[in-house]
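Visitor: pasting the structure only:
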């Protein structure tokens, strides 16, 4: 898939908040649901009652949008002796009109994967993918008032759904819940073993959302839920976060800037670097030094995390699963 290099805290948000979970579709006494088993300091994925190491092929972003595109894929997976495949599911395709779902393609993919004896790991391409909202349905894209976008720099609106919008979150969560319900009904043999919710979230060309709603939240207090977590896990935080918090006196309350330091100056435009090969470790380290706007990054990471967790929670009742 196409590679973009987000900032450190965007990677943190992806790592900590993009939830993936096993799903179970029928109760079978002799085959336990997929779950994570504690194995020393690590966790082991158990599928069909046995340890499962996912030797996966990953499809292109749009390969799973038509069965014809998948025809040449199955023999390649067999030839490569792979046991699973990662495929994107587009929100736009499964809910072309609001409240009208079409999961027929999802069902066909599940059947074909089982026939070829490979497990499926779906990625929910919904509110965000590659730092844009290109996989949201047209009825969402057309309505800027109901489904607000992120604004950057001098109130420039970009095609990126704001994670601060309750309406955006609810629409995504409803669709994901419907998808998980469908999979739970048709996948009788647990061909689908995991689901990644959203992909590559983050703001390009700026450090945070600068819409009126986002500015109001940014200039307001850091949520107590986050402050309590930081205090409880103070000795286990990322060094950069600890340093930013310490530099501002380890405050236990205040605005985002008061707790984590000043944000990006309004007149500074942040470039997007698409390099092939990707940035070296030295270049990434330099980027952190050049753009150390931790309050902006933590602010966005928090709102992305809360949004995605809400979508995950909407789908979990339909899975009879353990959350990974």
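Guide: Yep, it's here. What you are looking at is a predicted structure, and each value in this text was computed from that prediction instead of being measured.

Visitor: okay, CA-based contacts and neighbour counts for the rest of this
Guide: Will do.

Visitor: can you list the domain ranges for this structure.
Guide: Using automatic domain parsing, the domain parsing of the chain gives 8-207+307-318, 212-303.

Visitor: quick one: low-confidence ranges for the stretch 201-324 of the chain?
Guide: The stretch 201-324 of the chain contains residues with pLDDT under 70 at 271-279, 284-291, 318-324.

Visitor: would you list the domains of the chain in a markdown table and tack on mean neighbour count?
Guide: Converted to a markdown table, the domains of the chain look like this (neighbours: other Cα atoms under 10 Å):
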| stretch | mean neighbour count |
| --- | --- |
| domain 8-207+307-318 | 18 |
| domain 212-303 | 15 |
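
Visitor: What segments of the stretch 1-150 of the chain are strands?
Guide: Counting by DSSP state E, counting those that start in this stretch, the stretch 1-150 of the chain has strands at residues 20-21, 35-39, 42-47, 50-51, 56-58, 84-90, 119-129, 149-152.

Visitor: ok, now the stretch 151-300 of the chain?
Guide: 156-161, 192-199.

Visitor: Save the ones you listed as a markdown table, and put in distance to residue 138 and mean pLDDT too.
Guide: Shown next, in a markdown table, are the strands of the stretch 151-300 of the chain (distance: least, Cα to Cα, whole Å; pLDDT from 0 to 100):
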| stretch | distance to residue 138 | mean pLDDT |
| --- | --- | --- |
| strand 156-161 | 12 | 95 |
| strand 192-199 | 18 | 93 |
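
Visitor: Looking at these, which is nearest to residue 61?
Guide: strand 192-199 (10.8 Å; Cα to Cα).

Visitor: so what secondary structure elements neighbour the closest one?
Guide: Strand 192-199 is packed against strand 20-21, strand 119-129, helix 294-315, with contacts defined by 3 or more Cα pairs under 8 Å, 6 or more residues apart in numbering; DSSP states H and E.

Visitor: average pLDDT across the first one?
Guide: Confidence for strand 20-21, expressed as mean pLDDT, is 45.

Visitor: list the contacts for residue 66?
Guide: residue 105 (Cα atoms under 8 Å, 6 or more residues apart in numbering).

Visitor: Quick check: it vs residue 73, distance?
Guide: Relative to residue 73, residue 66 is positioned 12 Å away (criterion: Cα to Cα, to the nearest Å).
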